[in-house]
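sequence plus the predicted model coming up.
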Amino acid sequence: MARSKPYQEDALVVRTYDFGEADRIIVLLTKQHGVVRAVAKGVRRAKSRFGSRLAPFVHLNVQLYPGRSLATITGADTVAFFATGIIDDYERYTSGCAMLEAAERLAQPADTAMFDALLEALGLLADARDPIAVLDSFLLQAMDFAGWAPVLFECAQCGRPGPHHAFHPGVGGACCHECRPSGSADINEEVLHYMWLLAGRHWEKAAEIARAHPDYSSTAHRLVRTHLQWHMEQNVKALHIMEQSL
């Protein structure tokens with residue numbers, strides 16, 4: 001049932017699209033209510049009060065009036081603007097778009113953890129030396145919130161202690177030589193260690209591994225992407241675009 005009274009929300013803009021002649025639909029990841037779809041009336045007109053604020057990579061305090069299928073945005077104040085340093089750099093921009101797309105698809109109602117993780121990741125992205133590492137860290141956290149993060153040490157199938165040297169999203173991540181299915185990726189155990197560091201946001205240690213072994217970080221990105229899309233059963237468009245450019 002729709003809420004009957006206006007309310008305020010801490011929100012991140014994850015997607016927008018035009019609606020009618022002058023309106024725009026704003027898809028928000030909110031701190032208290034998960035994904036909220038709202039209409040911003042008249043924002044495409046030149047004299048709109050807050051149209052420029054309602055764009056991806058913006059953190060807002062937004063005022064919403066509930067409706068049957070769409071809320072209505074009646075006010076919006078900028079808390080943080082993350083687009084600077086992101087939109088002019090292809091790798092940062094595509095990484096950021098992949099984060100927003102994954103967050104929209106994976107967020108649950110009242111998903112405070114997802115909101116906080118995305119807020120932190122966007123804050124890191126503009127200044128990060130390795131935007132892909134920030135992206136992979138966020139995706140690993142998002143998959144954990146969704147309940148299907150890859151197992152990175154013990155065998156995901158039988159629980160045998162690792163480290164192991166094979167990975168398959170169909171069994172849940174790392175797998176031992178007895179449980180590995182056909183098509184499993186052969187990997188160095190340090191790749192899984194690197195992924196564990198990213199999931200825990202141990203940035204300095206992860207960066208040391210990436211500098212010493214750039215192939216580990218590229219392999220980790222491939223595994224993260226494969227695991228995510230296997231369990232979502234559909235492509236994340238921004239990740240597909242990144243894959244084509246790599």
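Received it, and whenever you're ready, just let me know what you need.

helices or strands up against the longest helix seen in the chain?
In the chain, taking DSSP state H as the definition, the longest helix is helix 214-232. The contact analysis (3 or more Cβ pairs under 8 Å, 6 or more residues apart in numbering; DSSP states H and E) places helix 214-232 against helix 90-106, helix 131-146, strand 185-186, helix 189-199, helix 203-212, helix 237-245. C-beta coordinates here come from the backbone N, C-alpha and C atoms, glycine included.

among the ones you listed, which gets the worst mean confidence?
Lowest mean pLDDT within the helices and strands packed on helix 214-232: helix 237-245, a mean of 73.

quick one: buried residues of it?
For helix 237-245, burial by neighbour count (16 or more other Cβ atoms under 10 Å) applies to Ala238, Leu239, Met242.

over to stretch 15-29?
Buried residues in stretch 15-29 (16+ other Cβ under 10 Å): Arg15, Thr16, Phe19, Asp23, Arg24, Ile25, Ile26, Val27, Leu28, Leu29.

okay, and which of these map to strands?
Arg15, Thr16, Phe19, Asp23, Arg24, Ile25, Ile26, Val27, Leu28, Leu29 (DSSP state E).

give me every residue that touches the third one.
Right, the one you point to is Phe19. Ile25, Val39 (Cβ atoms under 8 Å, 6 or more residues apart in numbering).

Cys155 versus that one, what's the distance?
Remark: distance between Phe19 and Cys155 (Cβ to Cβ, to the nearest Å) = 49 Å.

for the closest residue to Tyr7 other than its chain neighbours, give me phi and psi.
Spatial nearest neighbour of Tyr7, chain neighbours left out: Leu64 (5.8 Å); criterion: Cβ to Cβ, 6 or more residues apart in numbering. Main-chain dihedrals, Leu64, degrees, to the nearest 10: phi -130, psi 140.

does Leu64 really touch Ala76, like I thought?
No. Counting by Cβ atoms under 8 Å, Leu64 does not reach Ala76; the two are 9.5 Å apart.

and the ones in strands among the buried residues of stretch 15-29, which is the shakiest by pLDDT?
Minimum pLDDT across those falls on Phe19, with 83.

hang on, Met195 packs against Pro150?
Yes. At 7.2 Å, Met195 counts as touching Pro150 under the criterion of Cβ under 8 Å.

more crowded one of these two?
A side-by-side neighbour count of Met195 and Pro150, using other Cβ atoms under 10 Å, places Met195 first with 29 against 26.

next up, the contacts around that one.
Contacts of Met195 by Cβ under 8 Å, 6+ apart are Asp136, Leu140, Pro150, Leu152, Ala220, Leu223, Val224.

what is the nearest of these to Phe167?
Using Cβ to Cβ, Leu223 is the member of the contacts of Met195 that lies nearest Phe167, at 5.6 Å.

per-residue pLDDT, the closest one?
96.

chain neighbours aside, what residue packs nearest to the residue sitting nearest the centre point of the chain?
In the chain, the residue lying closest to the centroid (Cα atoms, centre = their mean) is Met99, at 2.8 Å. In space, Met99 comes closest to Phe138 once its chain neighbours are excluded; the distance is 5.2 Å by Cβ to Cβ, 6+ apart.
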